[in-house]
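[1] Have a look; sequence and predicted model below, questions after that.
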Amino acid sequence: MERMTFGAIDIGSNAVRLLINYVETYAHETEFKKAAFVRVPIRLGDDVFLRGHISNEKAEALCDAMQGFAALFRAFGIRDYRAYATSAMREARNGQQIVEQIRNRSGIAVEIISGSAEADTIYAAGGLSNMLDQSRNYLYVDVGGGSTEVVVYASGRKAEACSFRLGTVRMLSNAVDREEIRRFEAWLQAVTDEWHPVGIIGSGGNINKTHKMLEKKSRECIHANELKAFYDRLRAMSMAQRMEVLRLNQSRADVIVPALEIFTTVARICRIDTIAVPRMGLADGIIRQLYKQYNSNCNV
């Protein structure tokens, strides 16, 4: 057995996440085992979607988190890492300046990636082969704090994709353009007419949390009527009630409602009844990419 350790950082609009994985290679299989996971709800989107830049206060909090992550990388002796920043950093006027601050303070190199690259990396996390009928078509929907990525997978292959400036923090900040909502709904209708997807593959912390709260087993799908009923229940509750009754932490109790609004919208427009939730995200995809790259280099 050979063990390698890889690190991944996801700098999102709502939270910053660190994942460290052991990758253990045996004669006939490879196992990915979580060694450490840290989530820090910095909410860069609060600044960016209202004012167009990241404030000094949030920049300091982000740099502090990245210094801590760098220390964890050293402690675990990782072989390699990648750090990706998504929607908020893409739109921030001072995004590149913050990237330089992070490098100077922590030594971590951050790459600001496109919505398309984000979707491809998330899908690279895998975990879907045993959940889907590869002969049919699906929508891969990742809802983040600043953007929603939607990919059409037809017979197991990427057929079409689009990124929308719709996300949980953006919606809570009332920073969503009505024209973007119309574009989102029109695109969904068009892909439904062309591809007739039979299911949604849901990605993101909020749908993962929903899957867990509905007490679904690992490969069990959420039905659209269940999702709509849960969304209606949460929407009728105050923030305090969601935290007290459902034991949601503060950084989850507000964003989960707009996230489920997006998922229920997709299910309604596309007339889809089932949502599969592999419970994997951008950081998991980064780990898979690193391992694939390492394997390719070793086999050259």
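    All right, it came through fine.
[2] tell me the SS of Gly145?
    coil (DSSP: H, G, I helix; E, B strand; the rest coil).
[3] And Ile207, by the same measure?
    helix.
[4] Show the pLDDT at it.
    We have a pLDDT of 97 for Ile207.
[5] cool, and the one 10 residues further on?
    According to the predicted model, the pLDDT of Lys217 comes to 92.
[6] repeat for Tyr123
    Looking at Tyr123, the pLDDT reads 75.
[7] Now do the same contact list for it.
    Each residue near Tyr123 by C-beta atoms under 8 Å, 6 or more residues apart in numbering is listed here: 140, 151, 158, 285. Placement of C-beta: from N, CA and C, glycine included.
[8] Lowest-scoring secondary structure element of the protein by mean pLDDT?
    Scoring the helices and strands of the chain by mean pLDDT, DSSP states H and E places helix 115-123 at the bottom, with a mean of 83.
[9] mind saving the C-alpha coords of that one as CSV?
    Taking Å, rounded to 0.1, in the frame of the first residue of the first chain, the C-alpha atoms of helix 115-123 are listed here in CSV:
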residue,chain,number,x,y,z
GLY,A,115,-17.3,29.2,-13.5
SER,A,116,-16.7,26.6,-16.2
ALA,A,117,-13.5,25.4,-14.5
GLU,A,118,-15.3,25.3,-11.2
ALA,A,119,-18.0,23.1,-12.6
ASP,A,120,-15.5,20.7,-14.2
THR,A,121,-13.5,20.4,-11.0
ILE,A,122,-16.6,19.7,-8.9
TYR,A,123,-17.7,17.0,-11.3
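[10] list the buried ones in that helix?
    115, 118-123 (16 or more other C-beta atoms under 10 Å).
[11] now the spatially most central residue of the chain: how far from Ala85?
    With distances taken as C-alpha atoms, centre = their mean, Gly204 lies nearest the centre of the chain, 4.0 Å away. Note on Gly204: its distance to Ala85, by C-beta to C-beta, to the nearest Å, is 16 Å.
[12] what's the longest helix in the chain?
    When the chain is parsed with DSSP state H, its longest helix is helix 56-76.
[13] ok, back up a step: for the residue nearest to the centre of the chain, grab phi and psi.
    phi 120, psi 160 (degrees, to the nearest 10).
[14] ok, which stretches of the protein are helices?
    44-51, 56-76, 87-91, 95-106, 115-123, 168-172, 178-195, 205-213, 224-236, 239-245, 250-253, 256-270, 282-299.
[15] returning to what we had before: if you count neighbours, what's buried in the longest helix of the chain?
    Using 16+ other C-beta under 10 Å as the test for burial, helix 56-76 gives 58-59, 61-63, 65-66, 69-70, 73, 76.
[16] Alright, I will stop here.
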